[in-house]
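**Student:** Just a sequence and a predicted model for now, questions to come.
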Amino acid sequence: MKSHVKILFLIGYTTLMDDVDPDLISLFAENYHVYLYDHRGMGHTTRDVEPYQFMQLVDDADSLIGALGYEKMYIFGHSMGSMITQHLLIYYPENVTKAALCSTTFSVDTNETAVLRQMVESNIANPDTDKGVYLESLAVLSMQSTLANLSSVNINTLVIGGTADPLTPIEDAYTVAGAINGAWFTPFIGADHSVPYEMKDEIVPLVHLFFQNSEVYTS
């Protein structure tokens with residue numbers, strides 16, 4: 001039976017929706033109608049794009065929810081997609097039912113995210129970098145820290161991280177979870193940045209359990 005529950009899957013930095021593990025999507029599709037898309041300038045989207053700020057990616061996600069005809073959706077964000085999700089929680093909370101942040105950070109300027117920032121800067125400096133990746137890299141560097149605003153979030157939020165993640169280390173994921181009112185935090189021992197792909201058989205049921213049963217406890 002086709003699910004009437006909708007989930008928006010926000011993919012990560014340099015990722016194309018065609019690259020997402022179909023088995024991961026199939027697991028989500030057992031309980032949800034799954035939507036995913038390429039970010040602007042990437043994959044199947046319009047390629048003739050001018051430089052843009054990170055908030056444009058947030059506005060794109062919010063606009064898509066409305067364009068699909070929904071007032072709100074469940075959100076699963078991985079990597080850069082989780083950072084977009086944080087911004088949705090802060091600036092467009094009325095459009096988010098519940099959210100899962102996977103492999104996340106509140107800023108690319110922390111000591112812990114030095115490897116990620118180096119990767120992004122390398123893509124900008126490389127003249128052979130795909131234009132879409134180049135523009136996405138500029139946008140990532142324009143992202144402002146969310147840390148000061150996360151305490152305003154009262155949407156049920158699950159934070160997932162791998163303890164061996166070199167790009168968005170578990171310390172930053174823990175900080176994000178601690179800043180969000182009532183957030184659940186689940187580390188996966190030994191998993192790296194691709195934790196939703198490595199651990200999909202454990203993560204999808206966890207996300208489903210959280211989406212269907214969690215409550216935010218306000219202080």
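**Tutor:** Sure, I can see it.
**Student:** where are the low-confidence patches of the protein?
**Tutor:** Where the chain drops to pLDDT under 70, the residues are 1-3, 214-219.
**Student:** Contacts for stretch 25-34, please.
**Tutor:** 2-7, 9, 36, 74, 76, 200-201, 204, 207-208 (Cβ atoms under 8 Å, 6 or more residues apart in numbering). In short, each C-beta sits where N, CA and C put it, glycine included.
**Student:** What are the buried residues along it?
**Tutor:** By neighbour count with 16 or more other Cβ atoms under 10 Å, stretch 25-34 contains the buried residues 25, 27-28, 31-32, 34.
**Student:** so where do the strands sit in this structure?
**Tutor:** Under the criterion DSSP state E, the chain contains strands at 6-10, 33-36, 73-78, 96-102, 157-162, 184-188.
**Student:** between those, which gets nearest to Asn123?
**Tutor:** strand 73-78 (18.3 Å; Cβ to Cβ).
**Student:** ok, residues contacting the closest one?
**Tutor:** 5-12, 15, 28, 32, 35, 65, 83-86, 88, 95-104, 196, 207, 211.
**Student:** chain center to that strand: distance?
**Tutor:** Its chain's C-alpha centre lies 7 Å from the corresponding centre of strand 73-78 when counted by Cα atoms, centre = their mean, to the nearest Å.
**Student:** cool, and stretch 155-175?
**Tutor:** On the basis of Cα atoms, centre = their mean, stretch 155-175 sits 11 Å off its chain's mean C-alpha point.
**Student:** measure that stretch end to end?
**Tutor:** Criterion Cα to Cα, to the nearest Å; first-to-last residue distance in stretch 155-175 is 17 Å.
**Student:** do stretch 86-97 as well
**Tutor:** This stretch, stretch 86-97, spans 13 Å end to end (Cα to Cα).
**Student:** buried stuff in it?
**Tutor:** Using 16+ other Cβ under 10 Å as the test for burial, stretch 86-97 gives 86-92, 95-97.
**Student:** got it, and stretch 141-157?
**Tutor:** By 16+ other Cβ under 10 Å, the buried positions in stretch 141-157 come out as 143, 146-147, 149-150, 153, 155-157.
**Student:** Gly41: which of those residues is nearest?
**Tutor:** Nearest to Gly41 among the buried residues of stretch 141-157: Met143, at 16.2 Å, using Cβ to Cβ.
**Student:** Please verify my assumption that that closest one contacts Phe106.
**Tutor:** No - Met143 is not in contact with Phe106 according to Cβ atoms under 8 Å; the separation is 9.5 Å.
**Student:** hang on, the earlier thing: save the strands of the chain as CSV, and put in distance to Met119 too.
**Tutor:** Written out in CSV, the entries for the strands of the chain read as follows (distance: least, Cβ to Cβ, whole Å):
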stretch, distance to Met119
strand 6-10, 19
strand 33-36, 23
strand 73-78, 16
strand 96-102, 18
strand 157-162, 17
strand 184-188, 22
